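Engineer: sequence? don't have it. structure:
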């Protein structure tokens with residue numbers, strides 16, 4: 001049986017963690033398949049976890065207890081073409097890993113861990129998005145567009161950190177694409193076009209999933225795992 005590892009410091013009282021479990025269950029039921037689903041606390045991420053996993057969901061809930069191990073897992077998924085979806089904190093850490101290991105910004109940092117860090121690729125948002133529901137525009141031809149089958153969608157946010165606009169041009173020098181934005185043009189979806197499934201969202205798609213309408217991004221991750 002194929003295995004999805006959810007990387008995050010599981011908190012039973014977390015609304016987004018409960019939504020993650022429910023969203024995966026909704027998608028699996030709609031697909032009519034079984035899959036082994038395992039939460040992995042970030043200090044417990046190791047080589048064995050990476051090698052037995054057929055896909056990853058980098059869960060909301062940062063700062064993570066072990067930043068380095070989360071980044072190593074994201075790097076493993078990116079380099080080995082293992083399906084991966086990062087939401088909220090997962091999106092932020094996908095950018096951080098990419099900046100450090102592909103763009104060469106070894107000092108790339110995240111404002112939630114090091115507010116005064118150099119090369120602050122992830123910074124505190126001028127206005128927190130916690131609890132906000134916002135419209136997004138999806139780039140035609142992108143993986144996100146193929147999954148949503150819509151150009152405009154509405155999603156819920158739980159974060160206070162995001163992509164630092166001062167570093168957008170640097171990120172755009174590599175293969176990563178930004179394929180979703182809000183009404184103000186701020187980046188909300190990223191993906192790697194030549195990867196089977198490597199997608200990040202600053203919002204939490206799990207929160208929009210229902211048994212009647214499983215979320216297409218979660219279903220897309222599970223389908224990519226099924227095909228791997």
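Structural biologist: Here it is on my side, so go on. Since the model is a prediction, treat every value here as computed from it, not as a measurement.

Engineer: what ranges do the helices span in the protein?
Structural biologist: For the chain, the helices defined by DSSP state H occupy 15-31, 47-52, 67-80, 89-101, 143-148, 168-171, 216-227.

Engineer: dump those helices to TSV, plus mean neighbour count.
Structural biologist: Using the backbone N, CA and C atoms, a C-beta is placed for each residue, glycine as well. What follows is the helices of the chain, written out as TSV (neighbours: other C-beta atoms under 10 Å):
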stretch	mean neighbour count
helix 15-31	19
helix 47-52	13
helix 67-80	19
helix 89-101	25
helix 143-148	20
helix 168-171	14
helix 216-227	21
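
Engineer: including distance to residue 130 and mean pLDDT, could those go into a markdown table?
Structural biologist: What follows is the helices of the chain, written out as a markdown table (distance: least, C-beta to C-beta, whole Å; pLDDT from 0 to 100):
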| stretch | distance to residue 130 | mean pLDDT |
| --- | --- | --- |
| helix 15-31 | 11 | 97 |
| helix 47-52 | 30 | 97 |
| helix 67-80 | 21 | 98 |
| helix 89-101 | 13 | 96 |
| helix 143-148 | 23 | 97 |
| helix 168-171 | 23 | 91 |
| helix 216-227 | 20 | 97 |
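
Engineer: any idea which residue sits dead centre in the protein?
Structural biologist: Among the residues of the chain, the one closest to the centroid is residue 86, at 1.2 Å (C-alpha atoms, centre = their mean).

Engineer: could you find the closest non-adjacent residue to residue 19?
Structural biologist: residue 206 (4.2 Å; C-beta to C-beta, 6 or more residues apart in numbering).

Engineer: looking at the helices of the chain, which is closest to residue 161?
Structural biologist: helix 89-101 (5.8 Å; C-beta to C-beta).

Engineer: about what we covered before: thought residue 27 was touching the residue nearest to residue 19, still the case?
Structural biologist: No - if you go by C-beta atoms under 8 Å, residue 206 and residue 27 don't touch, sitting 9.8 Å apart.

Engineer: who touches both of these two?
Structural biologist: 215, 218 (C-beta atoms under 8 Å, 6 or more residues apart in numbering).

Engineer: pull the distance from stretch 114-132 to the chain's centre.
Structural biologist: Distance of stretch 114-132 from its chain centroid, counting by C-alpha atoms, centre = their mean, to the nearest Å, is 16 Å.

Engineer: quick one: buried residues of it?
Structural biologist: Of the residues in stretch 114-132, 119, 120, 121, 122, 123, 125, 129 count as buried by neighbour count, 16 or more other C-beta atoms under 10 Å.
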